[in-house]
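model this:
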Amino acid sequence: MVRVGIVGATGYAGAELVRILSGHPDVELTVLTSRQYAGEKFDKIYPSMGGIVNLSCEKLSIDSFCERTEVVFIALPHKVAMEIVPEFIRRDKKVIDLSADFRFKDVLLYEAFYQKHTAADLLDKSVYGLCEIYFDKIKSATLIGNPGCYPTSVILPLVPLIKSNFLDINSIIADSKSGVSGAGRSLSLTAHFCEANESFKAYKVAAHRHSPEMEEVLGIEAGRPVSITFVPHLVPMTRGMLTTIYANLVKEVSSEEIQNCIDSFYSEHFFVRICKQGRMPDTLHVKGTNFCDIGFKLDERNNRIILISAIDNLVKGASGQAVQNMNIMLGLDETSGLANVPFAL
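Down below sits the predicted model:
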């Protein structure tokens, strides 16, 4: 059994990690940390874990944490993560960081949208943890920058078509809708019930911090700079993310060619499901799972492709993908602890 600890276990992403890892057949969950709830039983904070998780939350002591773990998940805000990741790396721990601190290769790009990076020397060591794209690099990694939820939903549908040179990469528009849990567990006015209920709104239009993350990865895959227009929306549901992407085609292709391109690219990847013609992804069908469902419609009149993806923003968009990264890093079955059957309804 692999001994695993979670730094920041009581936020939504941390709690989702606890849920997934508590049922993982190859893992012993040994340490949960929380500044706010130190000393309290985890199942007091999340009663759904009663009888399943018997651990108490504790303040982070890196010495004590490292004595009891081999793999470290960090579910802390940006900037806070970079302050402690170097200590874990120095102690030869495998680290999966769910913040943005180790997702970028270009430190100047990170600093332009976040803050000054205090552990920039680790960016070359870090691997961007989009499992279906960077599987081979993840296998030998010791530090993973776990992707953001919006980038996961945008990049996965686009990469096969970009690599096949089907798309005008300067015409990409991504329109995403996220459940309120994407805002995190901390109190905020926008996530207040009276503000979010019966409301559907765009926010940070063409100014979201996930845009440069998407553009850097897509640019690497395209072999040249990619610029996209990205508009996120807040939807009054707890969890789930639906992304619709529009892009012009550089040549005439058939729906069969598009289908074959995406099917063949992801044929060996369990967690990406390609919808057949006539059906589109639905957040209901991926709720609580690590699946990303992808569908498309060819707009022949305008020579444009419309791609649609659905993920659970807390699972494939955060904690599930983090566990998938751990499985790959450790040489375990990629689906271990994650192959739960989706809800039918």
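
And the strands in the protein?
All strands of the chain, identified by DSSP state E, fall at 2-7, 27-33, 57-58, 71-74, 94-97, 127-128, 143-145, 173-178, 201-202, 229-234, 241-248, 272-274, 292-299, 304-311.

List of residues touching the fourth one?
If I follow you right, that is strand 71-74. Where contact means CB atoms under 8 Å, 6 or more residues apart in numbering, the residues beyond strand 71-74 that reach it are 2-8, 14, 17, 65, 81, 84-85, 88, 93-99, 322, 326, 329-330. The way it works is simple: take the backbone N, C-alpha and C, and place the C-beta from them, glycine included.

And the third one, by the same measure?
If you take CB under 8 Å, 6+ apart as the criterion, strand 57-58 is touched by 9-10, 31-34, 37-42, 45.

Can you flag the buried ones in those?
Among those, the ones that count as buried by 16 or more other CB atoms under 10 Å are 9-10, 31-34, 37, 41-42, 45.

how about those, which pair is most distant?
The largest separation in the buried ones among the contacts of strand 57-58, counting by CB to CB, is between 31 and 45 at 15.5 Å.

sorry, back to before: got a ChimeraX select line for the buried ones in the contacts of strand 71-74?
Buried residues within those, as defined by 16+ other CB under 10 Å, are selected in ChimeraX through the command that follows:
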select :2,4,5,6,7,8,14,17,65,81,84,85,88,93,94,95,96,97,98,99,322,326,329,330
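
Just give me the neighbour total for the residue nearest to residue 130 when sequence neighbours are not counted.
In space, not counting the residues next to it along the chain, residue 130 is nearest to residue 147; the distance is 5.0 Å by CB to CB, 6 or more residues apart in numbering. Taking other CB atoms under 10 Å as the criterion, the count of residues near residue 147 is 31.

try residue 273
Burial measure for residue 273: 18 neighbouring residues, criterion other CB under 10 Å.

Quickly list the domain ranges of the chain.
Structural domains assigned to the chain are 2-147+316-330, 149-313, following automatic domain parsing.

closest one to residue 342 among the ones you listed?
Closest of these to residue 342 is domain 149-313, at 4.8 Å (criterion: CB to CB).

What is the end-to-end distance of the closest one?
5 Å (CA to CA, to the nearest Å).

Show me where the stretch 201-345 of the chain dips below the pLDDT cut-off.
Counting by pLDDT under 70, the stretch 201-345 of the chain contains no low-confidence segment.

any chance you could map the helices in it?
Remark: helices of the stretch 201-345 of the chain, listed N- to C-terminal, are 210-222, 255-265, 320-330; assignment by DSSP state H, counting those that start in this stretch.

Just say which of the ones you listed is most tucked in.
Between the helices of the stretch 201-345 of the chain, the one whose residues have the most neighbours on average, counting mean count of other CB atoms under 10 Å, is helix 320-330 (a mean of 25).

Can I get it in PDB, CA atoms only?
Taking only C-alpha atoms (Å, rounded to 0.1, in the frame of the first residue of the first chain), the coordinates of helix 320-330 have been written out as PDB:
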ATOM      1  CA  GLY A 320      -9.800  12.700 -10.100                       C
ATOM      2  CA  GLN A 321      -7.200  13.800 -12.600                       C
ATOM      3  CA  ALA A 322      -4.800  14.200  -9.700                       C
ATOM      4  CA  VAL A 323      -5.400  10.600  -8.600                       C
ATOM      5  CA  GLN A 324      -5.000   9.500 -12.200                       C
ATOM      6  CA  ASN A 325      -1.700  11.300 -12.300                       C
ATOM      7  CA  MET A 326      -0.600   9.400  -9.100                       C
ATOM      8  CA  ASN A 327      -1.600   6.100 -10.600                       C
ATOM      9  CA  ILE A 328       0.500   6.800 -13.700                       C
ATOM     10  CA  MET A 329       3.500   8.000 -11.600                       C
ATOM     11  CA  LEU A 330       3.400   4.900  -9.500                       C
END
